[in-house]
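# Take a look and give me a structure for this.
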Amino acid sequence: MVFEYAYSLKLIKEVPTKEIKLPKKKINVADLEKGSSLSEKFLEKEELEEFLTVTKNEGLEADLLAFTMLAYTGLRIGEMIALKWSDIDLNNHTLRVIKTYYNPTNNKSKYTLLTPKTKGSIRTITLDPLLIRLLLKHKELQERAIKEKLYYIDNDFIFATDEGYPKTIKLLSIRMKRILKLTTIKKQITPHSFRHTHTSLLIEANVHIKEIQERLGHSDIKTTMDIYAHMTKNVKKESSDKFSNLMKDLSLNLNS
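Numbering: from 1, shown residues only. Have a look, this model is predicted:
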């Protein structure tokens with residue numbers, strides 16, 4: 001992204017990393033025995049419920065909206081921070097993803113809005129009624145607060161600081177860790193974990209893999225299947241139960 005940004009500013013003549021493909025880490029026996037490579041990087045439905053409930057009761061300004069948005073849409077954190085009110089259709093309950101937030105220095109005023117990660121990342125997502133209610137409430141509070149502030153640069157950002165700048169990824173990470181400490185959840189999650197969480201819940205809801213691909217904004221369905229094929233405990237148990245029922249008669253014969 002740094003090289004591509006430099007290229008767009010004509011600081012360099014070509015992108016040196018254009019043809020580079022990072023090798024995927026292979027899982028060895030030691031990793032499997034330790035379980036390090038299989039550590040869950042997402043929240044189960046019950047864990048998400050606990051996290052969001054604590055957020056509702058103990059979260060700071062717009063925390064509930066931010067983490068519910070991540071969990072209910074599967075947006076990348078940069079895509080969410082870049083959201084403006086003009087990207088939301090409150091009447092038709094949809095959200096457009098047409099940009100992403102880039103700020104390697106975490107300086108709130110020195111950010112850049114870039115085009116999404118891939119062409120497939122440009123998409124329209126249907127929003128849950130809960131998100132619409134939270135957005136409307138947030139919009140009302142934000143408009144009221146703007147009127148009371150003398151120094152506010154209104155660039156239409158949904159997740160804005162007191163000055164009107166988009167909130168940084170670092171700030172949301174700190175907010176997330178604060179809430180996590182107030183829960184019983186022991187997993188070491190990041191804001192990106194909510195994207196994994198959303199995917200696992202889509203799988204649990206039996207959403208077709210093609211729909212999951214489009215919702216997440218993957219250009220290649222292989223990416224969806226390789227990276228996001230996270231099965232929740234409920235789905236694993238359901239698969240096991242289905243197999244057991246299918247093989248019930250044979251199992252009875254073998255067990256007699």
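
# low-scoring stretches of this structure, by residue?
24-40, 223, 226-240, 251, 256 (pLDDT under 70).

# Need the residue closest to the centroid of it.
In the chain, the residue lying closest to the centroid (Cα atoms, centre = their mean) is residue 195, at 3.1 Å.

# That one: what secondary structure?
Assigned state for residue 195: helix (three-state reduction, DSSP: H, G, I helix; E, B strand; the rest coil).

# Quick check, it in contact with residue 75.
Yes: between residue 195 and residue 75 there is a contact under Cβ atoms under 8 Å: 7.1 Å. Using the backbone N, CA and C atoms, a C-beta is placed for each residue, glycine as well.

# what's the following helix or strand after the longest helix along the chain?
Taking DSSP state H as the criterion, the chain has its longest helix at helix 129-148. The C-terminal neighbour of helix 129-148 among helices and strands, as given by DSSP states H and E, is helix 169-180.

# Does that next one pack against any helices or strands, and if so which?
helix 45-58, helix 63-73, helix 77-81 (3 or more Cβ pairs under 8 Å, 6 or more residues apart in numbering; DSSP states H and E).

# Quick check: buried residues in it?
Within helix 169-180, the residues that count as buried by 16 or more other Cβ atoms under 10 Å are 169, 171-172, 175-176, 179-180.

# could I get those residues as a markdown table with distance to residue 49?
Converted to a markdown table, these look like this (distance: Cβ to Cβ, whole Å):
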| residue | distance to residue 49 |
| --- | --- |
| 169 | 25 |
| 171 | 24 |
| 172 | 20 |
| 175 | 19 |
| 176 | 16 |
| 179 | 13 |
| 180 | 14 |
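
# quick check, nearest of those residues to residue 9?
Nearest to residue 9 among these: residue 169, at 21.9 Å, using Cβ to Cβ.

# Now for that closest one: which residues touch it?
Applying Cβ atoms under 8 Å, 6 or more residues apart in numbering to residue 169 gives the contacts 77-78, 81, 101, 103, 106, 191.

# redo that, cut-off 10 Å
77-78, 80-81, 101-104, 106, 190-192 (Cβ atoms under 10 Å, 6 or more residues apart in numbering).

# what's the answer for residue 91, then?
The contact partners of residue 91, taken as Cβ under 10 Å, 6+ apart, are residue 132.

# Relative to residue 225, how far out is it?
35 Å (Cβ to Cβ, to the nearest Å).

# rewinding a little: which of the helices and strands packed on helix 169-180 is buried the deepest?
helix 77-81 (a mean of 24; mean count of other Cβ atoms under 10 Å).
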